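*Asks:* I'll drop the sequence and a predicted model, then ask my questions.
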Amino acid sequence: MPHLNIYLTTKVMKKLFALIFTMIVPLLIVSCDTSPIDTENGIICKAVFKNDISLPDSLFFDESHLISYDTTSHEIKIKKMPGLDEFRRFSHFVFYLGNDSLFSAETVFDYMSSTRSNLVLRYSAGKIYLESSYPPQLNDSLSIANEQKRAAAMKIFVERLKKTGKLAQ
């Protein structure tokens, strides 16, 4: 008889597991963010890790996670803002419109001296800013040339955000 109890207990446990599995898995699937990423036209920002070139680029944010970009303050707001330690892990960021690369931006922080040759993604007091140089008030010939070189790509970026209602002015 002891084998019968084990058999019944095992059979009941299997049914209980199947019942729980069929109830929980659909809930998990429904609760996941399954909104499609517009890979044809959407803005995508990938982060490149600083210390480990063997790691693949990481999706920093896509258009569905982008709240807004302010053309005056240059602040980018995303749904899940990284902490300072997380942001320090990245050397630079590459922005795409679908599969087309728009531009890249170096990682900078307020304690850095200056960057003129590339766009910058600056982390300051828990906010992120996309600027043409660092510090942003630089107005020398290198900063101006850098801004002009990337003007066409920035125009495409801004137009896409305007089209999707994510442009703050």
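*Replies:* Yep, it's here.
*Asks:* which of the residues in the helix or strand hosting Tyr69 are buried?
*Replies:* Of the helices and strands defined by DSSP states H and E, Tyr69 is found in strand 66-70. For strand 66-70, burial by neighbour count (16 or more other Cβ atoms under 10 Å) applies to 66, 69. For glycine as for every other residue, the C-beta is placed from the backbone atoms N, C-alpha and C.
*Asks:* helices or strands up against that strand?
*Replies:* Packing contacts for strand 66-70, counted by 3 or more Cβ pairs under 8 Å, 6 or more residues apart in numbering; DSSP states H and E, involve strand 75-78, helix 151-163, strand 167-168.
*Asks:* which stretches of this structure form strands?
*Replies:* Applying DSSP state E to the chain gives strands spanning 43-49, 58-62, 66-70, 75-78, 90-97, 100-109, 119-124, 127-131, 167-168.
*Asks:* most neighbours per residue, which of these?
*Replies:* Greatest average neighbour count among these goes to strand 119-124 (a mean of 23), per mean count of other Cβ atoms under 10 Å.
*Asks:* What pairs with it, parallel or antiparallel?
*Replies:* Paired strands of strand 119-124, with direction, are strand 100-109 (parallel), strand 127-131 (antiparallel) (DSSP bridges).
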